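> Okay, predicted coordinates and the sequence, questions at the end:
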Protein chains: 2
Amino acid sequence: MLKILPKIRRPVRCLSAAVAARNEGFAKVMQSDLLAFENFLGKDGVQKDDISNHITDWTGQFKGHGSVVLYPKSTEEVSAILAYCSRNKIAVVPQGGNTGLVGGSIPVHDEVVLSMNKINRQFSFDDTMGILNCDAGFILEELDNKLAKLGYMMPFDLGAKGSCQIGGNVATCAGGIRLIRYGSLHAHLLGLTVVLPDEQGSVLHLGSSIRKDNTSLHTPHLFLGSEGQLGVIASVTMTAVPKPRSVQSAMLGVESFKKCCEVLKLAKSSLSEVLSSFEFLDADIMECLKSNLDLHPVLSKSTPFSILVETSGSNEDHDMEKMSAFLDECLSKNLILDGVLAGSSADAANMWKLRESAPLAVTRDGYVYKHDVSLPLENYYELTNVMKARCGDLAKRVVTYGHLGDGNTHLNITAGKRCEELEELMYPFLYEWVVAHGGSISAEHGIGQLKLPYSNLGKGSEERLLTKKLKNIFDPNGILNPYKMI
Amino acid sequence: MLKILPKIRRPVRCLSAAVAARNEGFAKVMQSDLLAFENFLGKDGVQKDDISNHITDWTGQFKGHGSVVLYPKSTEEVSAILAYCSRNKIAVVPQGGNTGLVGGSIPVHDEVVLSMNKINRQFSFDDTMGILNCDAGFILEELDNKLAKLGYMMPFDLGAKGSCQIGGNVATCAGGIRLIRYGSLHAHLLGLTVVLPDEQGSVLHLGSSIRKDNTSLHTPHLFLGSEGQLGVIASVTMTAVPKPRSVQSAMLGVESFKKCCEVLKLAKSSLSEVLSSFEFLDADIMECLKSNLDLHPVLSKSTPFSILVETSGSNEDHDMEKMSAFLDECLSKNLILDGVLAGSSADAANMWKLRESAPLAVTRDGYVYKHDVSLPLENYYELTNVMKARCGDLAKRVVTYGHLGDGNTHLNITAGKRCEELEELMYPFLYEWVVAHGGSISAEHGIGQLKLPYSNLGKGSEERLLTKKLKNIFDPNGILNPYKMI
């Protein structure tokens, strides 16, 4: 039974069952449905046992419910599933690598899981134009490895790259650490094959397989960040980027947040075309890395803020020269207290280990409230200070790291264990503060279940009405990924 | 009266009146409507005389009809116009700089022209994040000049930049010569204010003003290339790019088209992050430039193909070194017959003058059939050869230039004067050939009126149905830019 929580008390880490009551308009999956699925997928295409890793997210934060996982092996089989479910009003959750952070890819009540794990055969790459065409179930790292042999790479990099799938990357408009250089997936998407949840399981080839096509509405882009609300992505056509031959990293120690912003401005101007990352860590996450994971800063002096700058280019001498000149200018302009340029890949790995271990370090405090918001720079770190003051001793730590170059902060608030008093202080205050200061309550992780209670923040009623109308065109019965984003 | 032409005989340069009959469901503009417009726009917001430059396109190719041009000065006035026209079923054509090449921005029968010329007050730029927010009526060059003072530039460059407006650039998803470097406008768009043609003239603020926002469908991207079919763009939020401090150009002479593709591949690999243009000219356009405009090639040898390569970077020494190494490798691998690196801005200007004068040079033959298609590289130049063989002596010249790095060819077929026999040979053959060979019938110019007869080529019936449904959500009465794209 649905437990109604007053909005102000809703914890961000609510169990999914608290999000919305089951829509009784949906049919429950019966034995006859399972037989029908087996009929067009084969017995090995229908899994009823040992499905816990498909109905729970990888963090264990979202525990969903469900009784069956389907494994289509082709677009035609995806179409057959969606046509059947549409005609029989069975709700469906499309699932890629199930690596999301907002509970978007697991069933809430009893939705059928449509896993894309076996849709990973077709792969082609034009190494003159740099155009990739592949099935949606390919794992990001697999694609990156295939492209590396051809001198190219995927234009984004995620912590989950060993498990996440390209179809899910499109559906979530995945960001990552190199967005400052290569842009979002909007910069790269050319075409999609999608299957609609209508009574025909319509297969649409949207966009094209060439770089420029201005002959219709650019509908593929509507699927970027659509979180499985509009259709199931079966294949993706996108551009890849030349693989850099030189990657340089430097760690900078900075005295004030204002100076961090000045360093960013200088990096954009003087590193310009080779700047590929501009990551931020405050002293509290550095302290957390030290005490929880025994990871020590690479700078000799302890500084209030650290910045990890990366360049990616085609000529090592040029990139080193640019990076050295940039560091010299930072020092001569008194923008940084300290700076180290990685002299070896081991040095660089040590720097990146600090940034990449931050999500793990915070979990060791016991319980962590993670956030993924973006803000105009003038308010970026103010949020941290405001939350520190607000949470007081109830929080064990208030730490911040993130993609400063994109205005994206991962503010983490830890406690020894889950604390309802702290949650009441934090929510919805934090999200309302972000929106009141010109930010977004979800920079890159999406809405899913986690942020559904706050999804009206920052979006006007007209925009929300528009998205509902759009959803209705693609999914007239509303069977696709219910109880989430839209 | 509508003259029905059999499809195979439809000339590409059809007069707009031949495209579609007037939709008698639309009201004609009456004196009472003009008074109503004057009432909410003031007398200076309603122009009835001397409107020929608003109802004819700049090439003179499309001569439309209409009796009134409205000049709103604010989003609220745009909203008032669209609400009024929606309630009274008056058709409306949104118009920016009116620099399009497919007749998309002029009235076909008697639509009211909604000019954005006076919506150009609000301008702001965040020079740390590189985010521009401005009214839709700003001229591209004006924006570029404003950004130059802050160390940034617009991420695209068009021949029409002195007249075209940023709102129109979004509506047409303008391409240009630097797409290979900075990507399409999808890479840069963050948010839009749009006014819908509904009975409230709804004003929607879509997307956001920060780099990352993953909280809703990414609806602003649906307006890129929408050609004024969905709503009127009132303001634009997008990223700009750091202005390069060094721009280098080189002209290469190449023996075969196959080698041109190999040069492209090498340029992407070795010029990599600084490659900003890769333009193509064949010997016939070079000959045309010489005989029609007295412009001579910069290479001493005459070669079947010429390539203009440009780099844009932050360090002149590095860029020159990369360009020299690239040219050396082209020579040592026997990919080029000749190559010249511009030693001065005058040298570079001479090279670019050849490429930029090509559209003018062809007009001097008398009559020109222009094309803007994209193709996979293996078919890029085959189209030229096929059309040469097909047109034979009926054509004066068959010449090709274009953005080879994007697979975008501007094939031009000239004649002394308009020639119906030639048209019958060309259309629909040319567009059908393009689609049969994996290309797009409009790479960057859009559909408008010009390509409406062929707009079903390359797009499936399901995709076309989808775009009609999408149009209907935004424009339920179909009053916005009728007789065109959708």
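Sure, I can see it. Numbering: from 1, shown residues only, chains lettered A, B, ... in the order given.
> buried residues in the helix or strand A:Leu264 falls within?
A:Leu264 is part of helix A:257-270, with elements assigned from DSSP states H and E. Within helix A:257-270, the residues scored as buried using 16 or more other Cβ atoms under 10 Å in any protein chain shown are A:257, A:259-270. No exception for glycine: its C-beta is placed from N, CA and C like everyone else's.
> near chain B too, which of those?
Contacts with chain B are made by A:Cys261, A:Leu264, A:Lys265, A:Lys268, A:Ser269, A:Ser270 out of the buried residues of helix A:257-270, judged by Cβ under 8 Å from any Cβ of the partner chain.
> quick one, what contacts A:Ser67?
Residues in contact with A:Ser67, defined by Cβ atoms under 8 Å, 6 or more residues apart in numbering or on different chains, are A:Val29, A:Lys48, A:Ile51, A:Asp110.
> rewinding a little: which of the buried residues of helix A:257-270 lies closest to B:Tyr381?
Distance to B:Tyr381, by Cβ to Cβ, is smallest for A:Lys268 among the buried residues of helix A:257-270, at 38.9 Å.
> so where does the residue nearest to A:Pro359 when sequence neighbours are not counted fall, helix or strand?
Using Cβ to Cβ, 6 or more residues apart in numbering or on different chains and skipping residues adjacent in sequence, the residue nearest A:Pro359 is A:Gly159, 7.2 Å away. Assessed by DSSP H and E, A:Gly159 sits outside every helix and strand.
> What is the neighbour count of A:Gly159?
Neighbour count for A:Gly159, taken as other Cβ atoms under 10 Å in any protein chain shown: 13.
> Likewise for A:Leu222?
For A:Leu222, using other Cβ under 10 Å, the count is 23.
> Reduced to three states, what does the nearest residue to it once chain neighbours are set aside come out as?
Nearest non-adjacent residue to A:Leu222, counting by Cβ to Cβ, 6+ apart: B:Leu222, 5.8 Å away. For B:Leu222, the assignment made with DSSP: H, G, I helix; E, B strand; the rest coil gives helix.
> From chain B, how far off is the residue nearest to A:Pro359?
From A:Gly159 across to chain B, the span is 16 Å (Cβ to the nearest Cβ, to the nearest Å).
> quick one, phi/psi of that residue?
Main-chain torsions, A:Gly159, degrees, to the nearest 10: phi -60, psi -30.
> and the closest residue to A:Thr303 other than its chain neighbours, how many neighbours?
Of all residues not flanking A:Thr303 in the chain, A:Gly253 sits nearest, at 3.3 Å (Cβ to Cβ, 6+ apart). A:Gly253 has 22 neighbouring residues, counting by other Cβ under 10 Å.
> Might one say that A:Gly253 is in contact with A:Ser306?
Yes - at 5.9 Å, A:Gly253 counts as touching A:Ser306 under the criterion of Cβ atoms under 8 Å.
> ok, now which ones touch the closest residue to chain B within the stretch 101-250 of chain A?
For the stretch 101-250 of chain A and chain B, the shortest gap (Cβ to the nearest Cβ) falls at A:Ala187, measuring 3.4 Å. If you count contacts by Cβ under 8 Å, 6+ apart, A:Ala187 has them with A:Pro155, A:Thr239, B:Gly183, B:Ser184, B:His186, B:Ala187.
> isn't the first one right up against A:Gly183?
Meaning A:Pro155. Yes - using Cβ under 8 Å, A:Pro155 is in contact with A:Gly183, at 7.5 Å.
> State whether A:Ala174 is indeed within a strand.
No - assessed by three-state DSSP, A:Ala174 does not belong to a strand; its assignment is coil.
> which residues sit in contact with it?
A:Phe156, A:Leu158, A:Cys164, A:Gly168, A:Leu185, A:Glu444.
> try it again with 6 Å
When contacts are counted by Cβ atoms under 6 Å, 6 or more residues apart in numbering or on different chains, A:Ala174 is found next to A:Leu158.
> from the contacts of A:Ala187, which is closest to A:Ile479?
Distances from A:Ile479 to those, taken by Cβ to Cβ, are shortest for B:His186, at 29.5 Å.
> So the closest one is in contact with A:Ser184, correct?
No - in this structure, B:His186 is not within contact of A:Ser184 by Cβ atoms under 6 Å, at 8.7 Å.
> Now the two most distant members of the contacts of A:Ala187.
A:Pro155 and B:Ser184 (13.8 Å).
> Looking at those two, which is more packed in?
Set side by side, A:Pro155 and B:Ser184 show more neighbours around B:Ser184, with 27 against 21, by other Cβ under 10 Å.
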